[in-house]
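> Can you look at this prediction? I've put the sequence above it.
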Amino acid sequence: MTIKSTIQTRLSEAFAPELLEVIDESEKHRGHAGWREGGETHFRVRIVAAAFDGQTRVARHRAVNAALAEAFDAGLHALAIEARAPGEADPRQRGRAAEPS
């Protein structure tokens, strides 16, 4: 199982997300700490799940990191997390309405 598929599986099982994007950004980090040939070291996760409703940003990040302990053990070095509850505005879309649920 690839690290990307491990991330997708674990987050789907843990949070039943409405939206889940797992983006391998390893190539952007070529030569940096933790990078290795073949990628799968640096990822960005965009996740929208009801489980995050009422949680702080720190609590959301801790929950995602805990769900991905296996991926970190398998070589995941860095993870950028964008975690939202349904109906929350996407910070990348400043000034626009929230995505419909």
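Right, received. Where do you want to start?
> for R46, what are its contacts?
Neighbouring residues of R46 by CB atoms under 8 Å, 6 or more residues apart in numbering: 19-21, 23, 82. C-beta coordinates here come from the backbone N, C-alpha and C atoms, glycine included.
> quick one: buried residues of the helix or strand containing it?
Following DSSP states H and E, the helix or strand that holds R46 is strand 42-48. Neighbour counts over strand 42-48 (16 or more other CB atoms under 10 Å) mark 42-43, 45-48 as buried.
> One more: stretch 15-26?
15, 17, 20, 22, 24, 26.
> Go through the contacts of R46 and name the one nearest L68.
The closest of the contacts of R46 to L68 turns out to be L20 (CB to CB; 12.5 Å).
> What residues does the residue nearest the centre of the chain make contact with?
In the chain, the C-alpha nearest the mean C-alpha coordinate belongs to V45, at 2.3 Å (CA atoms, centre = their mean). V45 makes contact with 7, 11, 20-23, 64, 79-83, according to CB under 8 Å, 6+ apart.
> Turn these into TSV, including distance to R57 and pLDDT.
Formatted as TSV, the contacts of V45 follow (distance: CB to CB, whole Å; pLDDT from 0 to 100):
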residue	distance to R57	pLDDT
I7	19	95
L11	17	98
L20	18	98
E21	18	97
V22	19	96
I23	19	93
V64	11	98
L79	14	93
A80	13	94
I81	9	97
E82	10	96
A83	8	97
